[in-house]
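Engineer: quick one, structure for this:
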Amino acid sequence: MPHLIHDNIALIAPKQFKEQPGAFITNTITGHKTVSAYDINYIFPLYLYSEVYKKDLFSYLRDSSRRESNIGQNINNALAEAYKKEPLPEEVFYYVYALLYSNIYRSKYVQFIKIDFPRVPFAKEYRLFSKIAEHGKSLVELHLLKSKELENPVARFRREGENKVEKVRYGEGCVRINDKQYFEGVEPEVWEYQIGGYKVCDKWLKDRKGRKLSLEEIKHYCKIVTALAKTISIQKEIDRLYPKVEESAIDFHDFVH
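Structural biologist: Numbers count the residues shown, from 1 in each chain. I've put the predicted structure just below:
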């Protein structure tokens, strides 16, 4: 059974959607309602690690030097033949993640995504594949809140007070947590952004209603707002490239020997 141990990341996606399609990233143990509140979420790790058991089932070591890519060999072979080089597992992972954030892709295949796992078309040219993978890497770093772009957040917390979340309200680019204090710099499209059927900026605060936010929590929320703003910007770049993928996607049947 694959585990998120050592250096690893994993894609989270339901097999079926009752709501808007989506996917997310994790590098830790994750609840199965992360992406969809109504559907079972599946986790697809980038790497699989060998397990070395000692004494009994509950006492074991995992050898970090013995890992293998979780990318199917048939996919690796087809991409290597098409690109004249075998892309790194991370590149394939980032590419898939990027396409799952394309609004054009989601809209075009929404009916298929609702009933089965997403089917991802691969660009026929390595240059296009690589460019999309770069956007995917940026998304992964943003969603894990590890991106350097988060060091200068677009949101700011204003006014002194107890930092207590009483009533969450949004208006004119500000998210108020009580009558005196608020986060500014939150654009409407960021406020409306949903993951798992919930507005991220709204739910995060409402889950903390009645609590006083710590300084770290305030900084964390500003990072979330920034990550969403930059995600929206990257999605537009992916959508700009996506039609080129459709024009000349790899037909994997061509590589079956």
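Engineer: how about the contacts made by residue 85?
Structural biologist: Counting by C-beta atoms under 8 Å, 6 or more residues apart in numbering, residue 85 touches residue 126. All C-beta atoms are positioned from the backbone trio N, CA, C, and that covers glycine.
Engineer: check which helix or strand it maps to.
Structural biologist: Taking DSSP states H and E as the definition, residue 85 sits outside all helices and strands.
Engineer: same check on residue 240?
Structural biologist: Element membership for residue 240 (DSSP H and E) is helix 215-247.
Engineer: so what's the residue count around the closest residue to residue 94 other than its chain neighbours?
Structural biologist: Nearest residue to residue 94 in three dimensions, chain neighbours excluded: residue 136, at 3.3 Å (C-beta to C-beta, 6 or more residues apart in numbering). For residue 136, the number of neighbouring residues by other C-beta atoms under 10 Å comes to 25.
Engineer: is it correct that residue 136 falls within a helix?
Structural biologist: Yes. Per DSSP: H, G, I helix; E, B strand; the rest coil, residue 136 lies within a helix segment.
Engineer: my read is that it contacts residue 92, right?
Structural biologist: No. Look at residue 136 against residue 92 with C-beta atoms under 8 Å: they stay out of range, at 9.5 Å.
Engineer: is it true that residue 141 touches residue 135?
Structural biologist: No. In this structure residue 141 lies outside contact range of residue 135 using C-beta under 8 Å: 11.0 Å.
Engineer: more neighbours: the two, which one.
Structural biologist: residue 135 (22 against 18).
Engineer: not counting sequence-adjacent ones, nearest residue to that one?
Structural biologist: That would be residue 98: by C-beta to C-beta, 6+ apart, it lies 4.7 Å from residue 135.
Engineer: flag the shaky bits of the stretch 151-257 of the chain, pLDDT-wise.
Structural biologist: The stretch 151-257 of the chain contains residues with pLDDT under 70 at 252-257.
Engineer: please, which helix or strand holds residue 183?
Structural biologist: Residue 183 belongs to strand 182-184, assigned by DSSP H and E.
Engineer: that strand: how far from the chain's middle?
Structural biologist: How far strand 182-184 lies from its chain's middle: 25 Å, per C-alpha atoms, centre = their mean, to the nearest Å.
Engineer: packing partners for that strand?
Structural biologist: strand 156-158, strand 174-176, helix 215-247 (3 or more C-beta pairs under 8 Å, 6 or more residues apart in numbering; DSSP states H and E).
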